[in-house]
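Engineer: sequence and predicted structure are below.
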Amino acid sequence: MKKSILYILVGATLALGSCSDFLDKNPTDQLSTSLFWQSKSDFDNALTAVYGSLQRDMYSSGAPNWDALTDNGYGQHNYYGSNAIVQGNIFPSSGGYISDIYTSSYQGIARVNTFLDKLGTYEGSDISETLRSQMEAEARFVRGYFYLQLYQAYGSVPVVTEPLDFDTQFKAKVSAEEVFAQVVNDLEAAIAGLPDVPYFSAGGHAVKSSAQGLLLRAYMFDAYDSNGEPNSSILQNAKTLCDQLLESGYMLADDFTSVFQSGSQEGNQEIIFSIKFLAPDNSTSMDQWYGDWLVVSPLQNLVDEFEEGDQRLDQTIFNDYVDWGGGNIHNPSNNRPTGYGVKKFLTPSLIPYGYSTRSDQDWVVLRFGEIVLLKAEIENELSGVSEQVYDAVNAIRNRSGLDDLPDGLSQDEMRDAIRHERRIELAFEGLRYYDLKRWKVAEEVLNQVTDGVIPYNFEERFYEWPLPQSEIDKSNGVLEQNPNY
């Protein structure tokens, strides 16, 4: 069976009003307890809706557009206001990513908070204590995900862990350190309560390793100071998680493309967590956006970064038109601003790509390939070049037809090699922008892009975005703007 967590998504959506509205509003707009929250089935539907909050385009099928904020690509359609961000036009009144990360994250958090509140007071015998604990852990995993989005984007924001009402709806910011502590708290609770089984055997539900992988990513975002110097204490925490994940039953898929294409994702032993889709009722526009509209166009400097013989070049990027071999080709209807398009997330069998295309490849949030590269990064920063570091990087390279790295690299040279492999391996998976931020090299890298379709401008203050002015305006003076805006 395919993607069992989605079988009740339509029912959940109907029961909860809509995926984008329910649990986002004050209690007067919510379903009465007398109509809902009365059985295990209600909680199953509500938990599916909690997962459904992750399906927003910017977190799933639209995630490749995050690379349009970086030296990897250009977004000709300006999705989420990407072009203004690239050019440094970042203001409290900006829409797109600047406002949407904030509002969508709190909508997801509100959904989780209501779910946890109702679960905590439910007395029905059809939910065992074991199942109650697992449901709570799954919901807290999702809340941890959203607080990580807020932390990465803004730093200091309000922390809300209970349903809000008329008297409590306005919340002041807490420090960035407290926001990060909430991320850790939620994900550690998730780790403690989720099943210790591989994700590929869990029917689409988050598992212990999913939470470990997300917490590892959080630690790595926080692992470098304002000068880009590594924090050994945080890296030690990351190392513990990374080593546990390396022993959790995952492996690199033999075929790199199998991780991203619908027919080979179920049971794939590289995927640690994904956002599920199931056509036709729960489909995405991935093939249309990237194969026909060219929503994201790779830049020449990224194409040049691929080494000769690297199989990932053809697997990630197409030149002018999509070619799967044997005459199975697609000529995009939109312009090719750079001459290139993103091939990585396309489905061969769905050609020709267009308005009627119903894509259902899952969006892979966490995968083992990233864990292997994080192992190399952690070990190199903590202890310098070692056999472990070489083994990790070479495993990634060898899968794509490349030879081992040369012997005798210094720590700095290895750091460059690891960051190069991360850029290539994870291209258009939506991680590059925050990689540049966490390494504190965004100014250095982005301000030196010379082949962009539009000019680049990154300022130091952009490491933390402004809070949406609309949220500040309606907070009755409670919510304060971030500094420098």
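Structural biologist: Thanks, I have the structure now. Numbers count the residues shown, from 1 in each chain.

Engineer: thought N334 was touching Q76?
Structural biologist: Yes. Here N334 reaches Q76: they are 7.4 Å apart, a contact under C-beta atoms under 8 Å. (Each C-beta comes from the backbone N, C-alpha and C, glycine too.)

Engineer: overlap in contacts of those two?
Structural biologist: The contact sets of N334 and Q76 overlap at L294 (C-beta atoms under 8 Å, 6 or more residues apart in numbering).

Engineer: more crowded one of the two?
Structural biologist: The residue with more neighbours, out of N334 and Q76, is Q76; 21 against 14, by other C-beta atoms under 10 Å.

Engineer: where does the more buried one land in three-state SS?
Structural biologist: Three-state assignment for Q76 (DSSP: H, G, I helix; E, B strand; the rest coil): coil.

Engineer: ramachandran angles for it?
Structural biologist: With angles defined as degrees, to the nearest 10, Q76 sits at phi -70, psi -20.

Engineer: so where do the helices sit in the stretch 201-350 of the chain?
Structural biologist: Ranges of helices in the stretch 201-350 of the chain, per DSSP state H, counting those that start in this stretch, are 208-221, 232-246, 286-287, 300-305, 312-316.

Engineer: comparing those helices, which comes out most buried?
Structural biologist: Most buried of the helices of the stretch 201-350 of the chain by mean neighbour count (mean count of other C-beta atoms under 10 Å) is helix 286-287; its value is a mean of 28.

Engineer: to Y340, which of the helices of the stretch 201-350 of the chain lies closest?
Structural biologist: Set against Y340 and scored by C-beta to C-beta, the helices of the stretch 201-350 of the chain come closest in helix 300-305, at 6.3 Å.

Engineer: gap between S175 and E460?
Structural biologist: 20 Å (C-beta to C-beta, to the nearest Å).

Engineer: also F273?
Structural biologist: 33 Å.

Engineer: name the residue in the two with the higher neighbour count.
Structural biologist: F273 (24 against 11).

Engineer: tell me where the stretch 51-200 of the chain has strands.
Structural biologist: 73-74 (DSSP state E, counting those that start in this stretch).

Engineer: shaky segments in this structure?
Structural biologist: 1-34 (pLDDT under 70).

Engineer: next, count neighbours for N72.
Structural biologist: There are 25 residues near N72, going by other C-beta under 10 Å.

Engineer: enumerate every residue touching the spatially closest residue to it that is not a sequence neighbour.
Structural biologist: Excluding its sequence neighbours, the residue lying closest to N72 (C-beta to C-beta, 6 or more residues apart in numbering) is L302, at 4.9 Å. L302 is in contact with D71, N72, G73, I317, R423, A427, counting by C-beta under 8 Å, 6+ apart.

Engineer: so the second one makes contact with D435?
Structural biologist: No. Checked against C-beta under 8 Å, the pair N72 and D435 is beyond contact range at 10.4 Å.

Engineer: which neighbours do those two share?
Structural biologist: In contact with both N72 and D435: R423, using C-beta under 8 Å, 6+ apart.

Engineer: A206: how many residues sit nearby?
Structural biologist: 29.

Engineer: can you name the residues that contact the residue nearest to it when sequence neighbours are not counted?
Structural biologist: Excluding the flanking residues, the one nearest A206 by C-beta to C-beta, 6+ apart is F141, at 4.5 Å. Each residue near F141 by C-beta under 8 Å, 6+ apart is listed here: D186, L187, A190, L194, A206, S210, A211, L214.
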